[in-house]
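K.L.:
What follows is a predicted protein model with its sequence.
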Amino acid sequence: MSTRARGMSMVELTVAISVLVGTLLLVQELIGTTQNAQVFIAARDRAAQQSAKLVGDLRSAGLSSRRLFQDDAEGRSYLAALTTTTYPILADTRLPVVDPAGRLEPDVAGGRRTGDTLLLACEDRPREFVTGANRHRVDVVRFFAVYPTLRAGRVVDALANRIDLVRFASRPYVDRASLDAITDAAEKVLVVQALRAGGISRAWVPGALVDTSFFDLNATGTVDTTPVLTPIIDTMPGVPERPMLGESKSTVAPNNAALRVPAFAQLDATIPLFPSGFEVKVVGPSGGRQVLVRLTILTGAHAGPDAASTTERLFSVRDL
């Protein structure tokens, strides 16, 4: 009887087992690689969805913009007046510098124009009041901002603490000019009292430092002639500022050449977190500023590399 007829030899059995084990290990590796790829793709998709939603929110606010604040004395005074105690504005944050005749190009060395914060005065629903036979329409504004903050907790390998973006929407303020347009003193009193009853307690005058821009609406129906010193721009009760990335495992990407962050700002070693992955550029005339927002989100992927996604949007705002 031949050796083959009697069965497999030990050598043949060992070889067969080795081949089987190798095949199983290869299959396991392929499954693991596929799972990791799926996790990475899912993380990248989440990052893309988040960045698109955040930038879309900014664009919606821009459509109702009435004034865009830039990095000058006026803009800095308004930014400092926002109540941001829950989510403090990240140190060394900068508003953009408007270039009325410029192009949407990277900054030149020593000529910073890119910012990492957006602050707008946006039109709110106008209020209408009927006094006797007359109807009065007054304009109302809210202040809208998106700014970076630092939140404790590691969500990606690249950062010990996450960089989040905070959405801030203020309480409403009436436009002082629309009140001054009411020529009948008695009717103006009624309108001011109705505004107070509706929760609006101050009038706003644009185009100056914040310390000279807000005036109290008095219970007597008059507008105070003395501006409010050191005013605070706060949110409505029950509608505080909120982190836009929430509890997701995501962060605004840190400065990183491999991620092409930043794309427009010049890096400055003295402010290492500026601008990170949120860049704002503004060009064009006051009636039609062009705002370019570039947002790069980095999302942690379990047992795999962090996933990044970048969204760029261009939209117009008024700056009257």
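P.N.:
Perfect, I can see it now.

K.L.:
Just the element for the residue nearest the centre of the chain, please.
P.N.:
Centroid check for the chain by Cα atoms, centre = their mean gives residue 146 as the closest residue, at 3.8 Å. Assigned by DSSP states H and E, residue 146 belongs to strand 140-151.

K.L.:
Next secondary structure element downstream of that strand?
P.N.:
strand 162-169.

K.L.:
Show me the contact partners of the next helix or strand after that next one.
P.N.:
With elements assigned by DSSP H and E, the helix or strand that comes after strand 162-169 is strand 173-175. With contact meaning Cβ atoms under 8 Å, 6 or more residues apart in numbering, strand 173-175 is reached by 127, 138-143, 195, 200, 202-204, 214, 217. From N, CA and C alone the C-beta is placed, and that goes for glycine too.

K.L.:
if you set the cut-off to 10 Å instead, what comes out?
P.N.:
66, 121, 123-124, 126-127, 138-143, 181, 191-192, 195-196, 198, 200-206, 213-215, 217, 223, 231, 233 (Cβ atoms under 10 Å, 6 or more residues apart in numbering).

K.L.:
Report pLDDT for the residue nearest to the centre of the chain.
P.N.:
Per-residue confidence for residue 146 comes out at a pLDDT of 94.

K.L.:
Find the nearest non-adjacent residue to it, please.
P.N.:
Using Cβ to Cβ, 6 or more residues apart in numbering and skipping residues adjacent in sequence, the residue nearest residue 146 is residue 118, 4.9 Å away.

K.L.:
and the one you found, what does it touch?
P.N.:
Applying Cβ under 10 Å, 6+ apart, the residues contacting residue 118 are 58, 61-62, 65, 68-69, 95-96, 144-147, 165, 278, 280, 282, 291, 293, 317.

K.L.:
all helices of the stretch 51-200 of the chain, in order?
P.N.:
73-81, 176-180, 185-197 (DSSP state H, counting those that start in this stretch).

K.L.:
Quick one: mean pLDDT over the next helix or strand after the longest one.
P.N.:
Going down the chain from helix 185-197, the next helix or strand is strand 202-204, by DSSP H and E. pLDDT averaged over strand 202-204 equals 97, rounded to a whole number.

K.L.:
Who does whichever helix or strand comes after strand 202-204 pair with, and is each partner parallel or antiparallel?
P.N.:
Downstream of strand 202-204, the first helix or strand assigned by DSSP H and E is strand 214-216. Here strand 214-216 is paired, per DSSP bridges, with strand 202-204 (antiparallel).

K.L.:
The strand it pairs with: which residues count as buried?
P.N.:
202, 203, 204 (16 or more other Cβ atoms under 10 Å).

K.L.:
Tell me how far the strand holding residue 146 lies from the chain's centre.
P.N.:
7 Å (Cα atoms, centre = their mean, to the nearest Å).
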